[in-house]
Structures are given as C-alpha cells and as structure tokens.
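# predicted model follows, preceded by the sequence.
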Amino acid sequence: MQTLTMDSWREMFYEKIDEVKPQDKWDLTMHQDLDYNVLEPGWVQSVQEHAFASFQCSRCHHSWSSAQVVVLFHMYLDPHRRKSRVKMRVFRQECYECSEGNLEKPHFQEESVRRILAHLVSSIREKCYGEFVDHSQLAEVTVSGWPHGPHRSDHCEACRLGIHQTPTHSKHHRKPKGTVHHGTSKDTMPLSQLPSNNLLEGPNCCSEFCCVLCVIFMFIFIYLMTSQSSFRF
C-alpha cells in the first residue's frame, strides 16, 4: 500500500503556507511522541478528528478505511519570524479482524493530505496570527466529499488516550442538529416542531372551564324549575 512520504507532506505545506504568509518561514516535522495538551511555552495546539485514510494490518493483511483518523499538531510562531515550526503526530488504529493485530499507521491519499494541510494553515492563521477564521467552513475541510469508513473506538489509539471522544457504537454517527434524544417518539422530533407548553396546557384549561359552566347552568336550570313549581301551587 503506497503512502505519501514526509517530504511530500512538507512540500504541500510549504505551498499552502506561502500563499498566506510568504514573509515567514515555516517547517513541518513528524513527532510520533507528541503528547496531547502537553505544550512547550509559546506553542499552541490543533487537533483534526475527521481525516480520511486507509489502513492495512501487517499480520493478516486485512484492509480498512476510516474517516475518523486523528491528527495532532503543535505550532510555534517565532517572534523574530526566522523559523516557525509545526510538529505533527498521526494516531494509529488496530486491526479488528486479527486477534493479535498491531496498531497500524494510516495511509493518506494526496487529496486528503491537502485538505488536512488546508485546515492546519487555517489554524495557524487563527491561533498564531490572531486572524479571524470561519469555523463553519473549517468543520468541512476534511469531511466533505469522503465516505465515512468504519471506526471502532476500542481499536483506535486516539480514543484509548482520551483524545478522540467517540460513541460506543461500531460506527460514528452524528446527532442531527436541533434534535433531542430521550427515548420517546416526541423527544426525537425537531425542536421547531415540538408543541409549546402553552399549547399543551390549553385544552386542559378549556375542559375545566366548560365543566364549571355546565355545573352553573345546571344549578340555574334546577332553580328556575323549582321556582316555577312553587309559583303554580
């Protein structure tokens, strides 16, 4: 299974960062010992949780794909702009067909790498240079256009380390926006379609009011009938 070398990653990164910050020098290096949320002074962090890649087990040769690959970046902007740096770590997944499977490194296609690096450059602009970034667009950089491959959290290195917060299901799924899930059919309706409290209480109030009126009219009717009978005698 072919995979892009670090030189290919670096070359595409230089191309993208030069488009927005040609006056500064940046470098990208791989550090598989990079720790989540453990930062040196002056460094900032960016995590991508939805990168697309493929895997192959080195024991049984089973292959699978995932759109839930986690990539961690630590970024440092040199105050003198001589050489700013990015450290990168990709998290592995374990074969779920092999009982003695190893944690395997992901294999990224060029288009996936370009999307990951586009997200990285946007994070650098926001977190290192203080520029405004539209997060609604960032959320789709590494997801849009790729199939959502299977993901098993118990076979994911990032999930085991608590970096990737995933459901316990075998596949990722997202809750639709504006819905609530509490186990009843009403609660699974979109919030915009749920009846308001006033509407729910309205029919009960009307029923009680009608009952009171009926009782009053009944007493009035009995009183009138009794009065007429007494008048005749």
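Cool, got the structure. Numbering: from 1, shown residues only.
# ranges for the helices of the chain?
Assigned by DSSP state H, the helices in the chain fall at 6-20, 110-127, 135-138, 157-160, 197-232.
# can you list the ones you listed in CSV and add mean neighbour count and mean pLDDT?
Every residue, glycine included, has its C-beta placed from N, CA and C. Listed next are those as CSV, based on neighbours: other CB atoms under 10 Å; pLDDT from 0 to 100:
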stretch, mean neighbour count, mean pLDDT
helix 6-20, 15, 96
helix 110-127, 20, 96
helix 135-138, 11, 66
helix 157-160, 19, 92
helix 197-232, 10, 61
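# among the ones you listed, which comes closest to D35?
Distance to D35, taken as CB to CB, is lowest for helix 157-160 among the helices of the chain, at 12.3 Å.
# which residues are in contact with the closest one?
Here helix 157-160 makes contact (CB atoms under 8 Å, 6 or more residues apart in numbering) with E49, V70, F91, R92, Q93, E94, L103, S153, D154, H164, Q165, T166.
# returning to what we had before: quick one: closest of the helices of the chain to V44.
V44 lies closest to helix 110-127 among those, at 4.5 Å (CB to CB).
# what angle do that closest one and helix 6-20 make?
50 degrees (axes from the mean of the first three to the mean of the last three CA atoms, to 10 degrees).
# tell me what helix 110-127 is packed against?
Judged by 3 or more CB pairs under 8 Å, 6 or more residues apart in numbering; DSSP states H and E, the packing partners of helix 110-127 are helix 6-20, strand 43-56, strand 63-76, helix 135-138.
# can you add distance to K83 and give the helices of the chain back as JSON lines?
Below are those laid out as JSON lines (distance: least, CB to CB, whole Å):
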{"stretch": "helix 6-20", "distance to K83": "12"}
{"stretch": "helix 110-127", "distance to K83": "14"}
{"stretch": "helix 135-138", "distance to K83": "26"}
{"stretch": "helix 157-160", "distance to K83": "29"}
{"stretch": "helix 197-232", "distance to K83": "61"}
